[in-house]
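Engineer: below is the sequence, then the predicted model.
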Amino acid sequence: MEVLDMVKNLFNQFRKEEDGGLVEYLILIAIAAVAAALLFPGLRKNLIGWFNDMVDNVKTGITGTTSGTTGAGATVNGGGSKVTGTW
């Protein structure tokens with residue numbers, strides 16, 4: 001329950017501040033994404049696919065080439081940074 005209390009305190013502190021910056025919004029979005037991924041296993045699978053697609057796009061943008069297929073679960077440039085579905 002300590003984590004839940006900490007999140008509540010952070011949210012209340014964020015709400016009291018008048019000018020919320022980009023970092024605070026990103027933290028709230030990250031907390032919501034992690035909570036949703038833990039609560040909904042189907043969403044977890046989609047988030048993993050989205051993250052892997054994002055990594056593939058970054059690798060393609062940096063190198064300009066791909067060494068595999070694209071899409072969720074694909075292997076690009078050896079696939080060393082793939083996220084697996086076991087959390």
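Structural biologist: Great, that's in hand. Numbering: from 1, shown residues only.
Engineer: by residue count, tell me the biggest helix in the protein.
Structural biologist: Criterion DSSP state H: the longest helix present in the chain is helix 41-63.
Engineer: just the C-alpha atoms of that one, please, in CSV.
Structural biologist: The C-alpha trace of helix 41-63 is given here as CSV (Å, rounded to 0.1, in the frame of the first residue of the first chain):
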residue,chain,number,x,y,z
PRO,A,41,-3.3,-8.5,-19.9
GLY,A,42,-4.6,-7.9,-23.5
LEU,A,43,-3.5,-4.3,-23.3
ARG,A,44,-0.1,-5.5,-22.0
LYS,A,45,0.4,-7.5,-25.2
ASN,A,46,-0.6,-4.4,-27.4
LEU,A,47,1.8,-2.2,-25.4
ILE,A,48,4.6,-4.6,-25.9
GLY,A,49,3.9,-4.7,-29.7
TRP,A,50,3.7,-0.9,-29.8
PHE,A,51,7.0,-0.5,-27.9
ASN,A,52,8.7,-3.0,-30.2
ASP,A,53,7.4,-1.2,-33.3
MET,A,54,8.7,2.1,-31.9
VAL,A,55,12.2,0.5,-31.3
ASP,A,56,12.1,-0.9,-34.8
ASN,A,57,11.3,2.5,-36.3
VAL,A,58,14.1,4.2,-34.3
LYS,A,59,16.6,1.5,-35.5
THR,A,60,15.4,2.0,-39.1
GLY,A,61,15.7,5.7,-38.8
ILE,A,62,19.3,5.4,-37.5
THR,A,63,20.6,2.8,-39.8
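Engineer: which other helices and strands does it contact?
Structural biologist: Applying 3 or more C-beta pairs under 8 Å, 6 or more residues apart in numbering; DSSP states H and E, one finds that helix 41-63 contacts helix 22-39. All C-beta spots, glycine's among them, are computed from the backbone N, C-alpha and C.
Engineer: now the angle between helix 41-63 and the helix it packs on, please.
Structural biologist: Angle between the axes of helix 22-39 and helix 41-63 is 130 degrees (criterion: axes from the mean of the first three to the mean of the last three C-alpha atoms, to 10 degrees).
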